[in-house]
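Trainee: Predicted structure and sequence below. I'll ask about it afterward.
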Amino acid sequence: MQNKKFIFITAFLFSVFLMSCQTESLEEAEVTNQSIEKINEDGFLNIPYSDSTTLSKFDDDKEIINYKLARNIAMLEADGTGLLKKMQWEGHVLSKQPVVIYGFDSKPKYYEFFYKDAESKEVGSVTVFARKKAPTVLQEVRGTVRNYDELYAKSDAGMKLIADWTGNMYMGIVGKSGDAPATVIDPETGESVEGMKELSDEEILDEVVNVLKNQAQDFNFSTDTISNLQLRDSITQETTSIQQQADSLKVTMQNEHDQRDAYWEVMEQYTDSFAVLTDDEITNISSKSWFSRTWRKFKNIFNDKTTSEYELAEYKDNYTNEGEYNPVKGYSEWCGPWAMDWIYHVKKGGSKYNHFESWASTMGLVGWTARLAGSKPMFPVEMCVSMRKATSSIWVNPYYSTGRWNALDHIRYKKNPIVILTTSGKSMHWKVAYGCYRTGSVFWRNYYFACQDNGALNIPKNNHYHRSSWFMVFVKVYD
């Protein structure tokens, strides 16, 4: 459906690029198990670049963005949003071919391209959406290169990288486009993983709401166990209903869809113009060429609402400086207690990991069941109570918050970290966000957060931003 509020933008863009249309036919793509080769591409690292034969198999699939087009838009957007300057990649070259990361329907989900320095050494990567799922093509920015040898170490020949709806990586044998992979394994353990499938946004919403409902029931039970009446009252006064959270997430999902459609309404009109751009035309915007002149006007569509990155320096410096954060060794670092301990260490010094771990899975039926099974998940109410017992100067909200602007506001303007609920494998997982920035125009927004965790997600220690999805759920910390 044509959205009238974009008419004036469309008129402006039409004056910048000549619009052309192309009729495409949809054919199912099939990927052979021999299609990924470890091509050095004149780089220094052992990166399993996908070959042109594999990439071309999806040229006629309307759901998949052509990798060359995705690369060009990624370069334009990286420049327009100031990403190149932020990452100090100005003058660097983006690899011609990507590593393809598949979905659980055996279709490309992401393309991972690599920025190379003057010596052709890969110094970082950008993970690009291979489908029109968001109002951007930039999904993740890493100041390091993923350790592919480690991912492939326990996989069989012919296996490809596969990502779930939260970004967790698996290895598997992909087949005919649209079909589930025949075999999927966890690259950390080498063990088979069953029951995984590609989810729609509506199915993701159901998954997230179910998590909130289950933990809310546990929360109601756990507040009754708090003997300190003042603490119990302060906790219950700040609760919010699961229905309100579910309604908020649904609205956020719809907004994401509207903004996605707005973004691609613009992009699709100039697909042919973008597709034929050379690297020189994209990168040499200081020249006096026709494209350079028009691009300086056009790129405002990417950065009209872009903010500079903001990071809580005490958190970044505490972890990125080698040896700064060094909790007691000899225990299993569960993600929730790790997050609480890192926050405590930043503000107070020292380590109370054992204290926080002792509170994990102690205040609810779900938690106790997990603890008896040998696991120690941590819930917001346990974070709240354990932190209050460790120090009175740090407050962790005992309930979930939603909304990406809400999260950015808490970090950037209230100058406090958040603890984001995500997944690692099939388990729920916590990571601490201490940095943020926003890109986009008046018609769409994208939010990126710098995070760190206990090591489960292999997050680089610096220069790493991950785009937040619409289903972001987190806990606020006031320190």
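Mentor: Ah, there it is.
Trainee: who's in contact with Lys476?
Mentor: Applying Cβ atoms under 8 Å, 6 or more residues apart in numbering, we find Lys476 in contact with Val396, Asn397, Ser401, His410, Asn416, Ile418. Yep, even glycine has a C-beta here, placed from its N, CA and C like the rest.
Trainee: Show me what it is bridged to.
Mentor: Residues in a beta bridge with Lys476, per DSSP bridges, are Ile418.
Trainee: Local confidence estimate at it?
Mentor: Lys476 carries a pLDDT value of 93.
Trainee: cool, and Lys250?
Mentor: So, for Lys250, pLDDT stands at 93.
Trainee: what's the answer for Thr369, then?
Mentor: pLDDT, Thr369: 74.
Trainee: for the one 3 residues further on, same thing?
Mentor: Reading off the confidence values, Leu372 has pLDDT 75.
Trainee: and what of Asp279?
Mentor: pLDDT, Asp279: 87.
Trainee: Kindly report the same for the one 3 residues further on.
Mentor: Taken from the predicted model, the pLDDT recorded for Ile282 is 78.
Trainee: cool, Asp224 as well?
Mentor: The model reports Asp224 with a pLDDT of 62.
Trainee: Tell me how many other residues crowd Glu63.
Mentor: Neighbour count for Glu63, taken as other Cβ atoms under 10 Å: 16.
Trainee: Pull out the buried residues from whatever helix or strand Val381 lives in.
Mentor: Using DSSP states H and E, Val381 maps to helix 380-390. For helix 380-390, a neighbour-count test (16 or more other Cβ atoms under 10 Å) marks Pro380, Val381, Glu382, Met383, Cys384, Val385, Ser386, Met387, Arg388, Ala390 as buried.
Trainee: Point out the other helices and strands that the helix ranked longest in the chain packs with.
Mentor: For the chain, the helix with the greatest residue count under DSSP state H is helix 242-269. Judged by 3 or more Cβ pairs under 8 Å, 6 or more residues apart in numbering; DSSP states H and E, helix 242-269 is in contact with helix 7-16, helix 201-223, strand 401-402.
Trainee: repeat that with 6 Å
Mentor: helix 201-223, strand 401-402 (3 or more Cβ pairs under 6 Å, 6 or more residues apart in numbering; DSSP states H and E).
Trainee: so which helix or strand takes in the closest residue to Met378 other than its chain neighbours?
Mentor: Nearest residue to Met378 in three dimensions, chain neighbours excluded: Gly336, at 2.5 Å (Cβ to Cβ, 6 or more residues apart in numbering). Per DSSP H and E, Gly336 falls inside helix 335-348.
Trainee: Could you list the residues in contact with that helix?
Mentor: With Cβ atoms under 6 Å, 6 or more residues apart in numbering as the contact definition, helix 335-348 has outside contacts at 314-315, 318, 325, 327, 351-353, 356-357, 360, 378, 383, 387, 390-391, 394, 419, 429-430, 432, 454, 479.
Trainee: Derive a ChimeraX selection command for the buried subset of those residues.
Mentor: Filtering these down to the buried ones (16+ other Cβ under 10 Å) takes a single ChimeraX command:
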select :315,318,325,327,351,352,353,356,357,360,378,383,387,390,394,419,429,430,432,454,479
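Trainee: Show me the contacts of helix 335-348 that map onto strands.
Mentor: Counted as lying in strands by DSSP state E, out of the contacts of helix 335-348, are Val419, His429, Trp430, Val432.
Trainee: ok, now which ones touch Ser125?
Mentor: Contacts of Ser125 (Cβ under 6 Å, 6+ apart): Glu112, Phe114, Arg142, Val145.
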